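fold the stuff below for me.
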Amino acid sequence: MQKIAIIQISNEGEDIARCIMHNAQCTIILLPRSDVGKRWNDFDAFVFIGAMGICVRTIAPYIKDKHTDPAVVCVDSMGRNAISVLSGHVGGANNLARDIAAIIGAREVITTQSDNAGLWALDTFEARFDWPIASDDDMNRCIFAFVNREPTALLLEVRDEGTDWLEATKPEHVTLINSISEADPGRYKLLIIVSPRVHKAPEGLLQLHFVPMVGTIGFGLANHPEDYESIYDQMDEAFTRLGYLPCSHRYCTIDVKADEEFVTMLRDEYDKDVVFFTAEELSAVDVPNPSDVVARHVGTPSVCEAAAILGSDNGELIVTKVKGKNWTAALAISRQHLRRHQGHIEIVGAGPGDPDLVSVRGRKMLEKADLILYAGSLVPKALTECHKQGAIVRSSADMNLEEQFALMKEHYDKGHFIVRLHTGDPCIFGAIQEQMALFDQYRMSYHITPGISSFLAAAAELRSQFTIPERTQTIILTRGEGRTPMPEKEQLHLLAKSQSTMCIFLSAAIVDDVQRELLQEYPEDTPVAACYHLTWPDQKIYRGKLKDLAKIVHDNNLTLTTMLVVGEAIDNRQGLSELYSKHFSHLFRQGK
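Numbers count the residues shown, from 1 in each chain. Model (predicted):
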């Protein structure tokens, strides 16, 4: 959490200081102007409230380097302007000025050229995306070329959140290239690389090389090696000789090495995440370099390669086993980060139906997909209309699992980006388990983007809070027993004993059985709602009592795309206790 000092130059700024202190989500203290020099290195940022001239004269003797100086923002005593003064990008003054302006209703004043021109702030990428810089060229020279719109080549050799953002926001003077051989000094002035691989820019070309931390290092270790303090550097040097820069925060090994001093050093001195696997887990992984000697000593034919693969979510080995004096190591990268003609499947939760209710991330996935395979009987086609030109959009309504997989595999093998679009959130009756089993079997790269479930849409459309203090604090998501058997302990009448708010999926066709089971525990006058096509253009909601639930469904010819909700939380506005009122007021004051 940021630590910020506020310097209130005059009494007129007292209300502004108080407003910032109450609303900024960071540690803030009031500091006398006379203490700024003594405390210059104690804070992430200084906020002056008063005249700009006083601010500048106060900080001038202490300014050294934009990479180490704290951010400085000046707010005039009337609260009309929040001005970024020092360390706008690296120190975060530009963002702080924006935040303060939003809190006090001021105008943000930012003079950095890249911000005002809508260009990338290259000197923020290291902190923003966790991309260490590997190049030697002066950052200021690179920034100068970039903001002056000199022709720039962009080489992306992995995929992560940062590279997706670069592709989506690429300025006109930036050209995406596929290999270092395309970085022609006669055509470009600047080369920006995002890659864990070692690269040397051609002569006459400025280079800015960021290293994405997408790797996983698996390692084996001799028992209590005396040179453990140098092993970390030895591994980095070995990988670099083989063409890969240090690109990992995650180190993985066998669990019997958990107490080694090297492991403790990785955690405490280098702040690395260390993950352990059992010999049984490691033995199940196929590796290129198994060892009978290792198997005799620790019970698995591979430690470093198997650990790297497992730690990268069954990723691809980029560097196979490397041997040092008292160690072995291997480097793997998760398949979702690979770009080398590597297909990827993103399972996306479509939300309840309204295209505006798909997540921002889900829409981004849809916009870049080469193939969208959507559950046509449950997902409105309107959700797919944001697809890019040339994308293939198919409904899976008339396809069985084998046909769906065959289509996805065909595109995957071409290196395409595939979106499998499921209704609501895929984890709730989403039928994704059998698909993921096939993805795992063929070692395919896939990931899940969650979505808004229809039970949340039901609460919103019913204008009801499904959890009420002292009345019901549990929401049950379930379905009635139709063609798919229910576990004995999850029969509806057993779940109904709690009198909780119950959201029942996929059960309109068996509503008579549902009503009969619920009436074994709920009073017959318990509120119910039958919610058809939640958030769709033809949405319909029918309220009533539990004793009439089946009649409501039958009379209105409701189908499987109906959510049944039962519980006293529906439309409950009455009978709130004094304790609840106090509880609510307390949470409201805290903004929860």
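
contacting residues around the host helix or strand of V294?
Element membership for V294, per DSSP states H and E: helix 292-298. The contact list for helix 292-298, computed with CB atoms under 8 Å, 6 or more residues apart in numbering, reads 220, 254, 256, 279, 300-303. In this view, the C-beta of every residue, glycine as well, is placed from N, C-alpha and C.

now it - C-alpha only, PDB.
Output of helix 292-298 as PDB, limited to C-alpha atoms (Å, rounded to 0.1, in the frame of the first residue of the first chain):
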ATOM      1  CA  ASP A 292      17.500 -44.300 -13.300                       C
ATOM      2  CA  VAL A 293      19.900 -42.800 -10.700                       C
ATOM      3  CA  VAL A 294      17.400 -40.200  -9.700                       C
ATOM      4  CA  ALA A 295      14.700 -42.800  -9.500                       C
ATOM      5  CA  ARG A 296      16.700 -44.900  -7.100                       C
ATOM      6  CA  HIS A 297      17.400 -41.900  -4.800                       C
ATOM      7  CA  VAL A 298      14.100 -40.100  -4.700                       C
END
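
for it, give the mean pLDDT please.
For helix 292-298, mean pLDDT is 92.

which two in the contacts of helix 292-298 are spaced the farthest apart?
Taking CB to CB as the measure, the contacts of helix 292-298 span a maximum distance of 15.2 Å, between V256 and P301.

neighbour-wise, which of the contacts of helix 292-298 leads?
The most neighbours of any of these, using other CB atoms under 10 Å, belong to V303, which has 30 neighbours.

which of the three states applies to the spatially closest residue to that residue that is not a sequence neighbour?
Spatial nearest neighbour of V303, excluding adjacent residues (CB to CB, 6 or more residues apart in numbering): G220 at 3.8 Å. When classified by DSSP: H, G, I helix; E, B strand; the rest coil, G220 comes out as strand.

which ones are touching G220?
G220 is in contact with 253-254, 257, 294, 303-304, 307, 327-329, counting by CB under 8 Å, 6+ apart.

just R149 next, same as before
Contact analysis of R149 by CB under 8 Å, 6+ apart lists 171-173.

one more time with 6 Å
By CB atoms under 6 Å, 6 or more residues apart in numbering, the contact list for R149 reads H173.

also the one 4 residues further on?
For A153, the residues meeting the contact criterion (CB under 6 Å, 6+ apart) are 175, 177, 183, 188, 191.

so for the residue sitting nearest the centre point of the chain, what's the pLDDT?
By CA atoms, centre = their mean, the chain has its centre lying nearest to E161, at 8.0 Å. Turning to E161, the model gives it a pLDDT of 91.

what of H67?
Per-residue confidence at H67 stands at 78 (pLDDT).

tell me the first helix or strand C-terminal of the helix or strand harbouring L495.
Assigned by DSSP H and E, L495 falls within helix 492-495. Per DSSP H and E, the first helix or strand lying C-terminal to helix 492-495 is strand 501-505.

does H447 really touch R335, like I thought?
No - between H447 and R335 there is no contact under CB atoms under 6 Å: 9.5 Å.

between these two, who's got more neighbours?
Using other CB under 10 Å as the criterion, H447 and R335 rank with R335 on top: 20 against 14.

quick one: contacts for the more buried one?
R335 sits next to 315, 445 when contact means CB under 6 Å, 6+ apart.

pLDDT value on it, please?
Model confidence at R335, given as pLDDT, is 84.

let's number from 59 now, not from 1
Sounds good: first residue 59 from here, last item R393.

next up, phi/psi of it, please.
When read as degrees, to the nearest 10, the backbone of R393 gives phi -60, psi -30.

measure it to D428 for me?
Using CB to CB, to the nearest Å, R393 is found at 17 Å from D428.

CA atoms only: put stretch 263-280 into PDB for me.
Provided in PDB are the C-alpha atoms of stretch 263-280 (Å, rounded to 0.1, in the frame of the first residue of the first chain):
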ATOM      1  CA  LEU A 263      18.500   0.400 -34.100                       C
ATOM      2  CA  LEU A 264      17.500   1.400 -30.600                       C
ATOM      3  CA  GLN A 265      16.300  -1.600 -28.600                       C
ATOM      4  CA  LEU A 266      14.000  -1.800 -25.600                       C
ATOM      5  CA  HIS A 267      13.800  -5.400 -24.400                       C
ATOM      6  CA  PHE A 268      11.200  -6.400 -21.700                       C
ATOM      7  CA  VAL A 269      11.400  -9.800 -20.200                       C
ATOM      8  CA  PRO A 270       7.900 -11.200 -19.300                       C
ATOM      9  CA  MET A 271       8.000 -13.400 -16.200                       C
ATOM     10  CA  VAL A 272       6.100 -16.300 -17.700                       C
ATOM     11  CA  GLY A 273       8.500 -19.200 -17.100                       C
ATOM     12  CA  THR A 274       8.600 -21.900 -14.500                       C
ATOM     13  CA  ILE A 275      11.900 -23.400 -13.300                       C
ATOM     14  CA  GLY A 276      12.000 -27.000 -12.100                       C
ATOM     15  CA  PHE A 277      15.100 -27.900 -10.200                       C
ATOM     16  CA  GLY A 278      16.800 -30.800  -8.500                       C
ATOM     17  CA  LEU A 279      19.300 -30.400  -5.800                       C
ATOM     18  CA  ALA A 280      22.100 -32.300  -4.100                       C
END
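
right, I'll call it a day here.
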